[in-house]
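S.K.: one predicted model, sequence on top.
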Amino acid sequence: MELAVNDTLAHALGQQPNDHSRLRADFEGATGIGWHTPTPPVLAAGRAVSVVIPARNTAYALPAVLDSLAAQDTQGPVEVIVVDDGSTDDTHLIAARHPAVDTLVRLAQSEGAAAARNVGTYLASADTVLYLDSDMVLPRHALADFAARALPDTILTGFRHNVPFQPGPDGLPLVPDGPADLAADHRVTWRSAGGPLLYSGHVLPGPTTGSPLNDTDDFQKLGHGAFYLDWDLARTVVTAMVAVPRAAVVDVGGFDETFGRIGWGMEDTHLGAALIAAGCLVVPLRQAVGYHLDPPDADAQWQTKLQGWPATLAHYRGRLAASAPIGRGRAFAAAAHRLLVRAEVNGR
């Protein structure tokens, strides 16, 4: 379906299905492996991925994240771009010294994760961009998983397993042995105490546990603007680990940087909504599960973040009522350029 210029984002979302069964079947028929099976490195050969990592004061986790990128088992070209969003710790020094990093950008001041991701996307050379948080440790097959399945109209979502901060002998967080647990992600196992839900406004009569991933057939039933408990399709797009077509991101104008200025969160949900409205399918990769390393002060950080949730949610709802973003590539490039002229950029 072609997106009309005057369509609201909410209306455009309501018109889009999310039936990705044929896409998965075509991949399995062509490769002989399951969609959710860890990918042999050779299947990624010639399929480039640009990894964009926004980083602000995550020196505690960044070494482990970059080490996991350096250890990826893939034959596809990989470009790693770290955008230091005005850190005041050793984030910049860690990225500068690590051999996995191809390009390091140091913004003149903190602009927010949305702006940092936009700068990284602007610099990215691959058709596929993997947004990765600076506290997400990848399994060895993850980049091959994304590269082998990437298409110009797919949003490929990975998952995260949060682990509490436990320092090792060097003071850095210990990364658990073995594979991360898919069920630990809140899109797989979701719990509510009941009452009105913050995102959808739906009211639950009491404590509820749901499984958005399983109960919606890998998010397919969330097409056409459908809801499951507090989840719709756009909300399943989480930038902790998600691969997107660069050209589509540029055309919708990238991330809305206003979200980062008024509070926390929702910029990834808005980008997901914009890409879905433009015709992208949201397809999960159950095998792509990484460890999310909580900071030492995780509880305090969450309290601060949640205080900003109402403001960003209100802004998101306003954006749903506005026109769906299309044809915004020039504005995207201009905004990124304005930040880059004042930034320090180093490449290998």
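M.R.: Here it is on my side, so go on.
S.K.: at the geometric centre of the chain, which residue sits there?
M.R.: For the chain, the residue nearest the mean C-alpha position is Thr239 (1.5 Å; Cα atoms, centre = their mean).
S.K.: now that one: how far from Ala322?
M.R.: Note on Thr239: its distance to Ala322, by Cβ to Cβ, to the nearest Å, is 21 Å. No exception for glycine: its C-beta is placed from N, CA and C like everyone else's.
S.K.: can I get the helix or strand hosting Leu285 as PDB, trimmed to CA atoms?
M.R.: For Leu285, the host element (DSSP states H and E) is strand 281-293. Coordinates of the C-alpha atoms in strand 281-293 are reproduced here as PDB (Å, rounded to 0.1, in the frame of the first residue of the first chain):
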ATOM      1  CA  LEU A 281       7.400  -5.600   8.400                       C
ATOM      2  CA  VAL A 282       8.500  -6.300  12.000                       C
ATOM      3  CA  VAL A 283      10.100  -9.700  12.200                       C
ATOM      4  CA  PRO A 284      11.600 -11.100  15.400                       C
ATOM      5  CA  LEU A 285      14.800 -13.200  15.600                       C
ATOM      6  CA  ARG A 286      14.300 -15.400  18.600                       C
ATOM      7  CA  GLN A 287      17.900 -16.600  18.500                       C
ATOM      8  CA  ALA A 288      19.300 -13.100  18.700                       C
ATOM      9  CA  VAL A 289      19.200 -12.600  22.400                       C
ATOM     10  CA  GLY A 290      21.900 -10.500  24.200                       C
ATOM     11  CA  TYR A 291      22.800  -9.700  27.800                       C
ATOM     12  CA  HIS A 292      21.800  -6.200  28.900                       C
ATOM     13  CA  LEU A 293      24.300  -5.200  31.600                       C
END
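S.K.: pLDDT (mean, whole number) over that strand?
M.R.: Here strand 281-293 scores 98 as its mean pLDDT.
S.K.: may I see the buried residues of the following helix or strand past that strand?
M.R.: Sequence order places helix 298-321 as the next helix or strand after strand 281-293, per DSSP H and E. Buried residues in helix 298-321, counting neighbours by 16 or more other Cβ atoms under 10 Å, are found at Gly308, Ala311, Thr312, Leu313, His315, Tyr316, Arg319, Leu320.
S.K.: helix/strand/coil for the closest residue in space to Leu340 that isn't next to it in sequence?
M.R.: Nearest residue to Leu340 in three dimensions, chain neighbours excluded: Val119, at 6.3 Å (Cβ to Cβ, 6 or more residues apart in numbering). Put simply, Val119 is helix when judged by DSSP: H, G, I helix; E, B strand; the rest coil.
S.K.: these two touch, right, Val119 and Asp85?
M.R.: No: the pair Val119 / Asp85 is not scored as a contact, 9.1 Å apart, by Cβ atoms under 8 Å.
S.K.: so who does Thr121 touch?
M.R.: Residues in contact with Thr121 (Cβ atoms under 8 Å, 6 or more residues apart in numbering) are Val52, Val129, Arg246, Val249, Val250, Gly254, Ala336.
S.K.: ok, it to Leu313 distance?
M.R.: Taking Cβ to Cβ, one finds Thr121 at 24 Å from Leu313.
S.K.: same check, this time on Leu339
M.R.: For Leu339 relative to Leu313 (Cβ to Cβ), the value is 26 Å.
S.K.: now swap in Arg338 and tell me
M.R.: Distance, Arg338 to Leu313, by Cβ to Cβ: 27 Å.
S.K.: try Arg97
M.R.: In this view, Arg97 and Leu313 are 39 Å apart by Cβ to Cβ.
S.K.: how about Pro169?
M.R.: As for Pro169, its distance to Leu313 is 42 Å (criterion: Cβ to Cβ).
S.K.: cool, and Ala108?
M.R.: Ala108 is 29 Å from Leu313, by Cβ to Cβ.
S.K.: now do Ala124
M.R.: 29 Å.
S.K.: ok, residues contacting the helix or strand harbouring Asp26?
M.R.: For Asp26, the host element (DSSP H and E) is helix 21-31. Contacts of helix 21-31 with the rest of the structure, by Cβ under 8 Å, 6+ apart, involve Gly34, Trp35, Leu43, Ala148, Arg149, Leu151, Thr154, Gln220, Leu281, Val283.
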